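Undergrad: For reference, the sequence and a predicted model appear below.
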Amino acid sequence: MVNGILGESVTFPLNIQQSQEINSISWNSKTSVAFVTPGNSGAAPTISITHQNYHKRINVSGQNYNLELRNLRLEDSGIYKADINVKTSETITTTTRCYNLQVYRRLGKPKITQSLMTSVNSTCNVTLTCSVEKEEKNVTYSWSPLGEEGNVLRVFQTPDNQELTYTCTAWNPVSNNSDSISAQQLCADIAVGLHTHRTGLLSGLAVFSLLLIILPSVILFLLHKRGQDAASKKTIYTYVTVPRDTQTAELRIYDEIPQSKVLPTKEEPVNTIYSIVQYSDKMGKTNTQDSKPPGTSSYEIVI
(Lines give C-alpha, C1' and ligand atoms only; values in the text may rest on other atoms or scores of the structure.)
Protein backbone atom coordinates (compact mmCIF):
# COMPACT_ATOMS: atom_id res chain seq x y z
CA MET A 1 0.00 0.00 0.00
CA VAL A 2 1.33 3.41 -1.01
CA ASN A 3 -0.41 6.61 0.07
CA GLY A 4 0.11 9.82 -1.87
CA ILE A 5 -0.92 13.44 -1.33
CA LEU A 6 -2.70 15.34 -4.07
CA GLY A 7 -0.26 17.58 -5.93
CA GLU A 8 2.80 16.08 -4.27
CA SER A 9 5.07 13.11 -5.06
CA VAL A 10 5.16 9.41 -4.21
CA THR A 11 7.89 6.78 -4.60
CA PHE A 12 7.46 3.09 -5.48
CA PRO A 13 10.38 1.27 -3.80
CA LEU A 14 11.83 -1.69 -5.74
CA ASN A 15 14.58 -2.57 -3.21
CA ILE A 16 16.97 -3.80 -5.93
CA GLN A 17 20.41 -4.80 -4.68
CA GLN A 18 23.51 -3.36 -6.30
CA SER A 19 24.73 -6.89 -7.06
CA GLN A 20 21.72 -7.52 -9.27
CA GLU A 21 22.19 -6.82 -12.95
CA ILE A 22 19.04 -5.20 -14.33
CA ASN A 23 18.12 -5.90 -17.90
CA SER A 24 14.90 -3.80 -18.00
CA ILE A 25 11.89 -2.74 -15.93
CA SER A 26 8.37 -2.39 -17.34
CA TRP A 27 5.79 -0.32 -15.40
CA ASN A 28 2.05 -0.76 -15.96
CA SER A 29 -1.17 0.44 -14.35
CA LYS A 30 -4.54 0.93 -16.03
CA THR A 31 -2.37 1.63 -19.07
CA SER A 32 1.30 1.22 -19.85
CA VAL A 33 3.31 3.71 -17.80
CA ALA A 34 7.04 3.56 -18.59
CA PHE A 35 9.91 1.34 -19.71
CA VAL A 36 13.26 1.64 -17.92
CA THR A 37 16.71 0.36 -19.07
CA PRO A 38 20.12 0.75 -17.36
CA GLY A 39 22.42 3.53 -18.54
CA ASN A 40 25.80 2.83 -20.16
CA SER A 41 28.90 2.80 -17.96
CA GLY A 42 27.08 3.70 -14.76
CA ALA A 43 25.03 6.50 -16.29
CA ALA A 44 21.47 7.25 -15.15
CA PRO A 45 18.80 4.82 -16.35
CA THR A 46 16.98 5.57 -19.59
CA ILE A 47 13.23 6.20 -19.16
CA SER A 48 10.73 5.83 -21.96
CA ILE A 49 7.29 7.25 -21.06
CA THR A 50 4.69 5.03 -22.70
CA HIS A 51 1.54 7.07 -21.91
CA GLN A 52 0.97 10.80 -22.22
CA ASN A 53 -0.71 11.06 -18.78
CA TYR A 54 2.72 10.52 -17.18
CA HIS A 55 4.68 12.89 -19.39
CA LYS A 56 7.25 14.86 -17.37
CA ARG A 57 5.99 13.35 -14.11
CA ILE A 58 8.22 10.27 -13.75
CA ASN A 59 11.79 9.95 -12.46
CA VAL A 60 13.91 6.82 -11.72
CA SER A 61 16.69 6.66 -9.18
CA GLY A 62 20.04 5.60 -10.66
CA GLN A 63 21.10 3.45 -7.70
CA ASN A 64 18.04 1.35 -6.81
CA TYR A 65 15.68 2.02 -9.74
CA ASN A 66 12.91 3.30 -7.46
CA LEU A 67 10.22 5.06 -9.48
CA GLU A 68 9.01 8.52 -8.42
CA LEU A 69 5.66 9.86 -9.63
CA ARG A 70 5.29 13.64 -9.25
CA ASN A 71 2.35 16.07 -9.23
CA LEU A 72 -0.12 13.40 -8.15
CA ARG A 73 -3.69 13.46 -9.39
CA LEU A 74 -6.73 11.77 -7.87
CA GLU A 75 -7.06 9.65 -11.00
CA ASP A 76 -3.55 8.28 -10.43
CA SER A 77 -4.99 6.02 -7.72
CA GLY A 78 -4.92 2.32 -8.60
CA ILE A 79 -2.71 -0.75 -8.92
CA TYR A 80 0.83 -0.37 -10.33
CA LYS A 81 2.95 -3.32 -11.42
CA ALA A 82 6.68 -3.44 -12.05
CA ASP A 83 8.04 -6.35 -14.11
CA ILE A 84 11.75 -6.50 -13.19
CA ASN A 85 13.97 -8.44 -15.60
CA VAL A 86 17.28 -9.51 -13.98
CA LYS A 87 20.24 -11.13 -15.75
CA THR A 88 21.67 -14.30 -14.26
CA SER A 89 24.62 -16.41 -15.37
CA GLU A 90 22.57 -18.23 -17.97
CA THR A 91 19.09 -16.72 -18.26
CA ILE A 92 16.92 -13.68 -17.47
CA THR A 93 14.43 -13.99 -14.63
CA THR A 94 11.38 -11.79 -14.14
CA THR A 95 10.08 -10.62 -10.80
CA THR A 96 6.75 -8.72 -10.51
CA ARG A 97 5.97 -6.31 -7.70
CA CYS A 98 2.58 -4.74 -7.12
CA TYR A 99 1.63 -1.45 -5.43
CA ASN A 100 -1.77 -0.08 -4.47
CA LEU A 101 -1.56 3.71 -4.78
CA GLN A 102 -4.21 5.86 -3.05
CA VAL A 103 -4.11 9.61 -3.51
CA TYR A 104 -5.70 11.84 -0.81
CA ARG A 105 -6.12 15.52 -0.21
CA ARG A 106 -4.58 17.16 2.81
CA LEU A 107 -7.42 17.73 5.23
CA GLY A 108 -8.45 21.27 5.95
CA LYS A 109 -9.69 22.48 9.30
CA PRO A 110 -12.90 20.64 10.24
CA LYS A 111 -15.99 22.52 11.39
CA ILE A 112 -18.03 21.80 14.52
CA THR A 113 -21.76 22.54 14.34
CA GLN A 114 -24.40 22.36 17.08
CA SER A 115 -27.92 20.99 16.93
CA LEU A 116 -30.71 19.63 19.15
CA MET A 117 -29.95 22.09 21.92
CA THR A 118 -32.08 21.85 25.08
CA SER A 119 -31.71 23.13 28.62
CA VAL A 120 -33.21 21.30 31.61
CA ASN A 121 -32.30 21.87 35.25
CA SER A 122 -29.16 23.90 34.40
CA THR A 123 -27.94 21.11 32.08
CA CYS A 124 -27.13 21.87 28.44
CA ASN A 125 -27.83 18.91 26.17
CA VAL A 126 -26.11 19.48 22.84
CA THR A 127 -25.32 17.35 19.80
CA LEU A 128 -22.02 18.29 18.14
CA THR A 129 -21.24 17.32 14.55
CA CYS A 130 -17.74 17.48 13.09
CA SER A 131 -17.18 17.58 9.32
CA VAL A 132 -14.58 18.58 6.75
CA GLU A 133 -15.31 21.07 3.97
CA LYS A 134 -15.10 18.57 1.07
CA GLU A 135 -16.27 15.00 1.21
CA GLU A 136 -13.17 12.85 1.45
CA LYS A 137 -12.61 9.10 1.48
CA ASN A 138 -11.24 7.22 4.48
CA VAL A 139 -11.78 10.09 6.94
CA THR A 140 -12.11 9.21 10.61
CA TYR A 141 -12.98 11.44 13.58
CA SER A 142 -12.11 11.41 17.25
CA TRP A 143 -13.07 13.64 20.20
CA SER A 144 -10.99 14.68 23.16
CA PRO A 145 -10.91 14.66 26.13
CA LEU A 146 -13.75 12.09 26.06
CA GLY A 147 -11.99 9.71 23.67
CA GLU A 148 -15.13 9.19 21.58
CA GLU A 149 -14.90 8.00 17.97
CA GLY A 150 -17.09 9.22 15.10
CA ASN A 151 -18.10 12.64 13.85
CA VAL A 152 -21.12 13.03 16.21
CA LEU A 153 -20.78 13.73 19.93
CA ARG A 154 -23.63 14.15 22.44
CA VAL A 155 -22.72 16.41 25.32
CA PHE A 156 -24.55 16.74 28.66
CA GLN A 157 -23.06 19.94 29.97
CA THR A 158 -23.43 20.75 33.69
CA PRO A 159 -22.20 23.73 35.73
CA ASP A 160 -19.44 21.50 37.15
CA ASN A 161 -17.56 21.07 33.84
CA GLN A 162 -17.74 24.57 32.39
CA GLU A 163 -13.96 24.66 31.89
CA LEU A 164 -13.88 21.75 29.42
CA THR A 165 -12.92 22.17 25.78
CA TYR A 166 -14.16 19.67 23.21
CA THR A 167 -11.76 19.03 20.33
CA CYS A 168 -12.62 17.17 17.12
CA THR A 169 -9.73 15.74 15.08
CA ALA A 170 -10.26 14.56 11.51
CA TRP A 171 -7.83 11.97 10.10
CA ASN A 172 -7.08 10.46 6.74
CA PRO A 173 -4.05 8.31 5.78
CA VAL A 174 -1.91 11.31 4.85
CA SER A 175 -2.97 14.16 7.20
CA ASN A 176 -5.04 15.31 10.16
CA ASN A 177 -6.54 18.56 11.41
CA SER A 178 -8.71 19.65 14.35
CA ASP A 179 -11.20 22.19 15.65
CA SER A 180 -12.30 23.00 19.22
CA ILE A 181 -15.27 24.46 21.07
CA SER A 182 -15.50 25.43 24.74
CA ALA A 183 -18.18 24.21 27.14
CA GLN A 184 -18.95 27.82 28.11
CA GLN A 185 -19.65 28.64 24.48
CA LEU A 186 -22.17 25.80 24.26
CA CYS A 187 -24.23 27.02 27.20
CA ALA A 188 -23.89 30.65 26.11
CA ASP A 189 -25.33 29.80 22.70
CA ILE A 190 -28.26 28.02 24.32
CA ALA A 191 -28.92 30.94 26.68
CA VAL A 192 -28.84 33.41 23.78
CA GLY A 193 -31.17 31.21 21.78
CA LEU A 194 -33.67 30.93 24.64
CA HIS A 195 -33.50 34.68 25.36
CA THR A 196 -34.04 35.48 21.70
CA HIS A 197 -36.99 33.11 21.52
CA ARG A 198 -38.54 34.58 24.68
CA THR A 199 -38.02 38.15 23.48
CA GLY A 200 -39.59 37.36 20.12
CA LEU A 201 -42.59 35.76 21.81
CA LEU A 202 -43.17 38.75 24.09
CA SER A 203 -42.84 41.17 21.18
CA GLY A 204 -45.39 39.18 19.19
CA LEU A 205 -47.86 39.23 22.09
CA ALA A 206 -47.41 42.99 22.54
CA VAL A 207 -48.09 43.68 18.86
CA PHE A 208 -51.15 41.40 18.91
CA SER A 209 -52.56 43.17 21.99
CA LEU A 210 -51.99 46.57 20.40
CA LEU A 211 -53.89 45.48 17.31
CA LEU A 212 -56.80 44.29 19.43
CA ILE A 213 -57.03 47.76 21.01
CA ILE A 214 -56.56 49.91 17.89
CA LEU A 215 -58.45 47.91 15.27
CA PRO A 216 -61.97 48.26 16.79
CA SER A 217 -61.44 52.02 17.24
CA VAL A 218 -60.45 52.41 13.60
CA ILE A 219 -63.47 50.43 12.42
CA LEU A 220 -65.89 52.51 14.57
CA PHE A 221 -64.35 55.76 13.30
CA LEU A 222 -64.70 54.68 9.67
CA LEU A 223 -68.33 53.61 10.21
CA HIS A 224 -69.14 56.92 11.93
CA LYS A 225 -67.50 58.96 9.17
CA ARG A 226 -69.32 56.97 6.52
CA GLY A 227 -72.64 57.71 8.29
CA GLN A 228 -71.88 61.43 8.38
CA ASP A 229 -71.05 61.47 4.66
CA ALA A 230 -74.29 59.65 3.86
CA ALA A 231 -76.36 62.09 5.97
CA SER A 232 -74.77 65.14 4.34
CA LYS A 233 -75.83 63.93 0.89
CA LYS A 234 -79.53 63.88 1.99
CA THR A 235 -79.71 67.58 3.07
CA ILE A 236 -81.96 69.88 0.89
CA TYR A 237 -81.85 73.69 1.10
CA THR A 238 -84.41 76.34 -0.04
CA TYR A 239 -83.41 79.75 -1.30
CA VAL A 240 -86.15 82.36 -0.69
CA THR A 241 -86.06 86.02 -1.84
CA VAL A 242 -88.60 88.30 -0.14
CA PRO A 243 -88.72 92.10 -0.83
CA ARG A 244 -89.94 94.33 1.98
CA ASP A 245 -92.07 97.37 0.95
CA THR A 246 -90.35 99.10 -1.96
CA GLN A 247 -86.83 98.01 -1.09
CA THR A 248 -84.94 96.35 -3.89
CA ALA A 249 -82.61 94.47 -1.59
CA GLU A 250 -83.22 90.80 -1.22
CA LEU A 251 -83.42 88.95 2.04
CA ARG A 252 -82.18 85.39 1.76
CA ILE A 253 -83.71 82.80 4.05
CA TYR A 254 -82.32 79.28 4.32
CA ASP A 255 -84.46 76.53 5.64
CA GLU A 256 -83.73 72.82 5.93
CA ILE A 257 -86.47 70.53 4.73
CA PRO A 258 -86.49 67.26 6.66
CA GLN A 259 -85.96 64.11 4.65
CA SER A 260 -89.36 62.80 5.76
CA LYS A 261 -91.09 65.58 3.73
CA VAL A 262 -89.31 64.75 0.52
CA LEU A 263 -91.33 62.68 -1.88
CA PRO A 264 -89.97 59.14 -2.14
CA THR A 265 -88.25 58.17 -5.31
CA LYS A 266 -86.69 55.04 -6.66
CA GLU A 267 -83.19 56.32 -5.80
CA GLU A 268 -82.15 58.51 -2.94
CA PRO A 269 -81.44 62.11 -4.09
CA VAL A 270 -77.82 63.03 -3.94
CA ASN A 271 -78.09 66.58 -5.44
CA THR A 272 -78.74 69.92 -3.66
CA ILE A 273 -82.07 71.64 -4.65
CA TYR A 274 -82.61 75.39 -4.32
CA SER A 275 -86.05 77.13 -4.45
CA ILE A 276 -86.53 80.86 -5.15
CA VAL A 277 -89.72 82.68 -3.99
CA GLN A 278 -90.45 86.18 -5.31
CA TYR A 279 -93.26 88.60 -4.36
CA SER A 280 -94.66 91.50 -6.45
CA ASP A 281 -93.71 95.05 -5.54
CA LYS A 282 -97.29 96.16 -4.70
CA MET A 283 -99.46 93.75 -2.87
CA GLY A 284 -102.73 95.31 -3.99
CA LYS A 285 -101.90 95.87 -7.67
CA THR A 286 -103.36 93.50 -10.22
CA ASN A 287 -101.11 92.33 -13.01
CA THR A 288 -103.02 92.79 -16.25
CA GLN A 289 -100.83 90.33 -18.06
CA ASP A 290 -101.32 87.61 -15.54
CA SER A 291 -104.60 86.08 -14.44
CA LYS A 292 -103.46 85.69 -10.82
CA PRO A 293 -105.18 87.86 -8.19
CA PRO A 294 -103.27 90.57 -6.33
CA GLY A 295 -100.83 89.36 -3.73
CA THR A 296 -100.33 86.08 -5.40
CA SER A 297 -96.74 84.80 -5.21
CA SER A 298 -94.78 83.41 -8.14
CA TYR A 299 -92.19 80.59 -7.64
CA GLU A 300 -89.22 79.66 -9.63
CA ILE A 301 -87.56 76.33 -8.87
CA VAL A 302 -84.00 75.89 -9.96
CA ILE A 303 -82.33 72.48 -9.77
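TA: Done, it's in. Numbering: from 1, shown residues only.

Undergrad: what does the average pLDDT come to for stretch 54-64?
TA: What stretch 54-64 shows for mean pLDDT is 90.

Undergrad: Now do the end-to-end distance for it.
TA: From its first residue to its last, stretch 54-64 covers 21 Å (CA to CA, to the nearest Å).

Undergrad: Would you indicate which residues of that stretch are buried?
TA: 54, 57-58, 60 (16 or more other CB atoms under 10 Å). The way it works is simple: take the backbone N, C-alpha and C, and place the C-beta from them, glycine included.

Undergrad: any chance of these in TSV, plus secondary structure?
TA: TSV is the format used below for these (DSSP: H, G, I helix; E, B strand; the rest coil):
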residue	secondary structure
Y54	helix
R57	coil
I58	strand
V60	strand
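
Undergrad: all strands of the stretch 101-250 of the chain, in order?
TA: Assigned by DSSP state E, counting those that start in this stretch, the strands in the stretch 101-250 of the chain fall at 111-120, 123-131, 140-144, 148-149, 152-157, 165-172, 175-182, 236-242.

Undergrad: Dump these to a markdown table, plus distance to K30.
TA: Shown next, in a markdown table, are those (distance: least, CB to CB, whole Å):
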| stretch | distance to K30 |
| --- | --- |
| strand 111-120 | 35 |
| strand 123-131 | 32 |
| strand 140-144 | 28 |
| strand 148-149 | 35 |
| strand 152-157 | 37 |
| strand 165-172 | 23 |
| strand 175-182 | 26 |
| strand 236-242 | 104 |
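
Undergrad: in the chain, what spans have low per-residue confidence?
TA: Low-confidence segments of the chain, defined by pLDDT under 70, are located at 116, 119-122, 187-209, 227-303.

Undergrad: Show me how the record splits it into domains.
TA: Following automatic domain parsing, the chain resolves into domains at 2-104, 106-225, 236-302.

Undergrad: and the longest one, how far apart are its ends?
TA: Looking at domain 106-225, the gap from its leading to its trailing residue is 76 Å under the measure CA to CA.

Undergrad: Same question for the first one.
TA: End-to-end distance of domain 2-104 (CA to CA): 11 Å.

Undergrad: could you pull out the helices for this protein?
TA: 183-232 (DSSP state H).

Undergrad: residue contacts, I84?
TA: Listed by CB atoms under 8 Å, 6 or more residues apart in numbering, the contact partners of I84 are 14, 16, 22, 25, 65, 94-97.

Undergrad: Sort out for me which of those residues are in strands.
TA: If you go by DSSP state E, the contacts of I84 have 22, 25, 94-97 in strands.

Undergrad: can the residues you listed go into a markdown table with extra columns for neighbour count and distance to N161?
TA: Listed next are those as a markdown table, based on neighbours: other CB atoms under 10 Å; distance: CB to CB, whole Å:
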| residue | neighbour count | distance to N161 |
| --- | --- | --- |
| I22 | 16 | 64 |
| I25 | 24 | 60 |
| T94 | 11 | 64 |
| T95 | 13 | 60 |
| T96 | 10 | 58 |
| R97 | 14 | 54 |
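
Undergrad: Select, from those residues, the two members most distant in space.
TA: Maximum pairwise distance among the ones in strands among the contacts of I84 (CB to CB): 14.3 Å, between I22 and T96.
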